[in-house]
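*Asks:* Okay, here's the prediction I keep looking at, along with the sequence it came from:
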Protein chains: 2
Amino acid sequence: MNLDTLYSELTLKTKAKLALVVLDGLGDLAMRDQGYLTPLEAAATPTLDALTQDAAQGRMIPVAPGITPGSGPGHLGLFGYDPLEFQVGRGVIEALGLGLDLQAGDVAARANFCTLDAKGIVTDRRAGRIETSVCEQLCALLSKKVKKVGDAEVIIKAGKGHRFVVLFRGKGLEGPLTDADPHHEGAPIPAVEPVNKKSAKAKKAAKLVAEFYEQARPLLARKSPANGFLMRGIAHQPAIPSFEERYGLKAACLAVYPMYKGLAQLVGMTKLEGPQTIAEQFERYLKEYDNYDYFFIHYKYTDMHGEDGNFEAKKKAIEELDAALPILLQKKPDVLAITGDHSTPCACKAHSWHPQPVLLTSAFSGSDKLDRFTETGANLGSLGLFEAKYLIRLMQANAGMFDKFGA
Amino acid sequence: MNLDTLYSELTLKTKAKLALVVLDGLGDLAMRDQGYLTPLEAAATPTLDALTQDAAQGRMIPVAPGITPGSGPGHLGLFGYDPLEFQVGRGVIEALGLGLDLQAGDVAARANFCTLDAKGIVTDRRAGRIETSVCEQLCALLSKKVKKVGDAEVIIKAGKGHRFVVLFRGKGLEGPLTDADPHHEGAPIPAVEPVNKKSAKAKKAAKLVAEFYEQARPLLARKSPANGFLMRGIAHQPAIPSFEERYGLKAACLAVYPMYKGLAQLVGMTKLEGPQTIAEQFERYLKEYDNYDYFFIHYKYTDMHGEDGNFEAKKKAIEELDAALPILLQKKPDVLAITGDHSTPCACKAHSWHPQPVLLTSAFSGSDKLDRFTETGANLGSLGLFEAKYLIRLMQANAGMFDKFGA
């Protein structure tokens, strides 16, 4: 029997409130030059410490041993979607990241302006890294002139620097397509092709992309240095069963950055817009407490400072979250999980594969009798080492949402 | 998506050096009559202790919970080949163990001399456990008289006591075949048959074995007590993707015993011959440092003494390895893993299923803040409990050999 089917069959409706607080990139390493402490260990976290008393801890493998996830697979795992089964194309992630309101079946591409010579050879893949404002002007021009290709609507949105996103919204489209990008200078832009050559939908999408090039390229012909553009990661928004379908939970997202709102939207969560700080996010949680069953609350700064290798700033970001946490606890959810979507160790200055620590507290979590929530403590916890995709199942179980299996 | 495919797609070329030091059968049990210490815990291991400071620890399940592996599955797991997917027939393992230079497609059988009565009934399955020298004479006789069956070359090699190996090298052969062995006295030797009755290659191999019996049995007719022979575990060398193909790593083997050289050869490692002691193996590692990306260094004595139930000798073997380890550390590999291929607890006097401890150290292993590398310590480590087949993936990740998955 398929495990997801079993979980579905056992799912009961309850009135429990579940909350997932994600400190992005929380996990870190105890390194010699950090006095063998992680930022989480070095931080003063009185509120987390108090929660730990009656909580279970463990460590989660974001995708599979040794695999470093991007934010997409990292969050899909936390939401209970196997990141190997539910792969989201780069174009889709970029579109979500720019705040585009994707719909099932939309085909999205990462694009960037480039420089072409008279023969159409790519001479600079980034068009001299034009300014964002120039990119915005060019995107506005393209948006105005190319509203449709074939029977599909075209949506264009500028990103940072030379980057933008193109969305094709029509019937019977799908990705992935090969890149309209030679991936190095000195070659022309190749025509896109369906990765799966048997897919009629992908063939149609490839035809639309070709038509888009025909319409858009002449508009840029006299521009300099951005007289052409490349397209990559062309993919459709996959059909993902919604959070509510899958778990019977009405879910809300409290995130500040568009990428995470987009990922939440992908699984059908409601985006609660407005809050800009973690305190404001928790305040909003209090206000919306009665309206949803599940809250995804995303905090970006731990990852950001980890990427910079800034130990002190990451530590401080954790302390800031800890200081705001009492707001959330004014209405403590029945099940509260606090974790990262992956590790972003200061020593790596990047996402990593190291299992992130997780704290789970509920009336039925029991206590691991640990004093603090830390990476080293989490190694000793009752949750052990498990794949992140099971976190939602543990949260559901702690919420009393699963009937007994078998007699 | 298949996980191995994902790992392949994410693999990057680096200049990192990886080393795997296998203390065969390292894992042990803390028993009452051993003062609740394992040999690893009782041993003085100053060099391992120092390494532990900046290392991660965990425990590895060799194959699956409760499964005791032989050396074949044990090492295939360490090399990252799922032992359930890549099964190597017993005949092949025996042939490798006797130092035969197997080629892809060779069909190998474990064989042993037996005693038959006038009607061809097996009266002693081990021919009175004849001496090795007698076995060698009989094998020499067979080798001389039976050089070919059909279009296949026959290679015969004596083992210990009544045991030997027969190799069939020809075109279009495969195993497995059923045994030419009634598995008890009082019955005749059954004819072999393909396990997969639809395989034409296995049918051909079965025919060759029958022909081999026809030619060889008359040669032994007047010998006593070894006037017949049995054949078991008849299998072909499976097609195993090479280590370099699979991981992009040029690998070398530093082992003393033929079985381990054979297993390394099976996955395409280069055998570096010569060294007889662990100190010599480490010295050779230093000399070959620039020539390979991955070094498999095998140490037999922990297993040997575990099989004898000799706690003191196993402890001493660990101390000897620890004393030699500084040689290796003169050129510390970027990623170093130290572990066993399984446990061989003194209390069991045999291989066992107990997860073996593993230590992993690299610039990105972090520290588990443990003082020593022991079974009990490994229970607390950040690597947790995982299947041995993932060790190579963690080593690759620590070597920076994997690109990020997804955006």
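*Replies:* Cool, got the structure.
*Asks:* hey, let's count contacts and neighbours off CA atoms from now on
*Replies:* OK.
*Asks:* Around chain B, which positions in the stretch 251-400 of chain A sit nearby?
*Replies:* A:347, A:348, A:351, A:353, A:376, A:379, A:380, A:384, A:385 (Cα under 8 Å from any Cα of the partner chain).
*Asks:* Include pLDDT when you put the residues you listed into a markdown table, please.
*Replies:* Output for these, formatted as a markdown table (pLDDT from 0 to 100):
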| residue | pLDDT |
| --- | --- |
| A:347 | 97 |
| A:348 | 97 |
| A:351 | 97 |
| A:353 | 98 |
| A:376 | 96 |
| A:379 | 97 |
| A:380 | 97 |
| A:384 | 97 |
| A:385 | 98 |
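*Asks:* Return the set of buried residues in stretch A:194-214.
*Replies:* A:194, A:201-210, A:212-213 (16 or more other Cα atoms under 10 Å in any protein chain shown).
*Asks:* Any chance of the residues you listed in JSON lines with distance to residue B:314 as columns?
*Replies:* Below are the buried residues of stretch A:194-214 laid out as JSON lines (distance: Cα to Cα, whole Å):
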{"residue": "A:194", "distance to residue B:314": "60"}
{"residue": "A:201", "distance to residue B:314": "65"}
{"residue": "A:202", "distance to residue B:314": "63"}
{"residue": "A:203", "distance to residue B:314": "65"}
{"residue": "A:204", "distance to residue B:314": "68"}
{"residue": "A:205", "distance to residue B:314": "66"}
{"residue": "A:206", "distance to residue B:314": "65"}
{"residue": "A:207", "distance to residue B:314": "69"}
{"residue": "A:208", "distance to residue B:314": "70"}
{"residue": "A:209", "distance to residue B:314": "68"}
{"residue": "A:210", "distance to residue B:314": "70"}
{"residue": "A:212", "distance to residue B:314": "72"}
{"residue": "A:213", "distance to residue B:314": "71"}
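*Asks:* Give me the subset of those lying in helices.
*Replies:* A:201, A:202, A:203, A:204, A:205, A:206, A:207, A:208, A:209, A:210, A:212, A:213 (DSSP state H).
*Asks:* my guess is the second one meets residue A:171, correct?
*Replies:* No - if you go by Cα atoms under 8 Å, residue A:202 and residue A:171 don't touch, sitting 11.4 Å apart.
*Asks:* got the contact list for residue A:35?
*Replies:* If you count contacts by Cα atoms under 8 Å, 6 or more residues apart in numbering or on different chains, residue A:35 has none.
*Asks:* And it, how far from chain B?
*Replies:* Distance of residue A:35 to chain B, given as Cα to the nearest Cα, to the nearest Å: 10 Å.
*Asks:* Please determine how far that residue is located from residue A:28.
*Replies:* 13 Å (Cα to Cα, to the nearest Å).
*Asks:* Could you do residue A:354 as well?
*Replies:* Counting by Cα to Cα, the gap from residue A:354 to residue A:28 is 8 Å.
*Asks:* Run a quick neighbour tally on the nearest residue to residue A:282 once chain neighbours are set aside.
*Replies:* Among residues not flanking residue A:282 along the chain, residue A:328 sits closest, at 5.1 Å (Cα to Cα, 6 or more residues apart in numbering or on different chains). Using other Cα atoms under 10 Å in any protein chain shown, residue A:328 has 19 neighbouring residues.
*Asks:* Which helix or strand in chain A has the lowest average pLDDT?
*Replies:* Least confident helix or strand of chain A, by mean pLDDT, DSSP states H and E, is helix A:90-97 with a mean of 86.
*Asks:* in the stretch 51-200 of chain A, which spans are strands?
*Replies:* A:56-61, A:107-116, A:122-124, A:148-149, A:152-158, A:163-169 (DSSP state E, counting those that start in this stretch).
*Asks:* which of the ones in helices among the buried residues of stretch A:194-214 lies closest to chain B?
*Replies:* Comparing those against chain B with Cα to the nearest Cα places residue A:202 closest, at 19.5 Å.
*Asks:* before we move on, back to that, so which of the residues of the stretch 251-400 of chain A next to chain B belong to helices?
*Replies:* Using DSSP H, these in helices are residue A:376.
*Asks:* Please spell out the PyMOL selection for the buried subset of the residues of the stretch 251-400 of chain A next to chain B.
*Replies:* Here is the PyMOL command that selects the buried residues among these (16+ other Cα under 10 Å):
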select buried, chain A and resi 347+348+351+353+376+379+380+384+385
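*Asks:* Now residue A:14: closest residue in space that isn't a chain neighbour?
*Replies:* Counting by Cα to Cα, 6+ apart, the residue nearest residue A:14 is residue A:401, at 6.3 Å.
*Asks:* How many neighbouring residues does the one you found have?
*Replies:* 21.
*Asks:* Contact partners for it?
*Replies:* Counted by Cα under 8 Å, 6+ apart, residue A:401 has contacts A:10, A:11, A:12, A:13, A:14.
*Asks:* ok, and the most crowded of these?
*Replies:* Neighbour max across the contacts of residue A:401 (other Cα under 10 Å) = residue A:11, 19 neighbours.
*Asks:* Go through the strands of the stretch 51-200 of chain A and pick out the most buried.
*Replies:* Scoring the strands of the stretch 51-200 of chain A by mean neighbour count under mean count of other Cα atoms under 10 Å in any protein chain shown gives strand A:56-61 as the most buried, with a mean of 29.
*Asks:* hmm, who's touching that one?
*Replies:* A:353-361, A:365-368, A:373, A:375, A:377-388.
*Asks:* just stretch A:14-25 next, same as before
*Replies:* Contacts of stretch A:14-25 (Cα under 8 Å, 6+ apart): A:289, A:292-303, A:306, A:318, A:333-345, A:351, A:395, A:399-401.
*Asks:* let's go with 6 Å and repeat that
*Replies:* A:293-300, A:302-303, A:333-344, A:399 (Cα atoms under 6 Å, 6 or more residues apart in numbering or on different chains).
*Asks:* Report the separation between the two terminal residues of it.
*Replies:* Note: stretch A:14-25 ends 31 Å apart using Cα to Cα.
*Asks:* So for that stretch, mean pLDDT?
*Replies:* Mean per-residue pLDDT for stretch A:14-25: 98.
*Asks:* Stretch A:158-171 too?
*Replies:* 94.
*Asks:* Check the offset of it from the chain's centre.
*Replies:* Averaged C-alpha coordinates place stretch A:158-171 at 18 Å from its chain's average position (Cα atoms, centre = their mean, to the nearest Å).
*Asks:* thinking again about what came up before, as JSON lines, the strands of the stretch 51-200 of chain A with distance to residue B:78 would be great.
*Replies:* Formatted as JSON lines, the strands of the stretch 51-200 of chain A follow (distance: least, Cα to Cα, whole Å):
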{"stretch": "strand A:56-61", "distance to residue B:78": "20"}
{"stretch": "strand A:107-116", "distance to residue B:78": "40"}
{"stretch": "strand A:122-124", "distance to residue B:78": "46"}
{"stretch": "strand A:148-149", "distance to residue B:78": "54"}
{"stretch": "strand A:152-158", "distance to residue B:78": "48"}
{"stretch": "strand A:163-169", "distance to residue B:78": "44"}
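*Asks:* Among these, which comes closest to residue A:312?
*Replies:* Across these, residue A:312 has its closest neighbour in strand A:56-61 (23.2 Å, Cα to Cα).
*Asks:* CA atoms only: put the closest one into CSV for me.
*Replies:* Provided in CSV are the C-alpha atoms of strand A:56-61 (Å, rounded to 0.1, in the frame of the first residue of the first chain):
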residue,chain,number,x,y,z
ALA,A,56,10.9,16.4,21.3
GLN,A,57,13.9,17.1,19.1
GLY,A,58,15.5,15.5,16.1
ARG,A,59,17.3,16.1,12.8
MET,A,60,15.9,16.1,9.4
ILE,A,61,17.4,15.1,6.0
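*Asks:* what's around residue A:151, how many residues?
*Replies:* Neighbour tally, residue A:151, other Cα under 10 Å: 11.
*Asks:* try residue A:2
*Replies:* Neighbours around residue A:2, by other Cα under 10 Å: 6.
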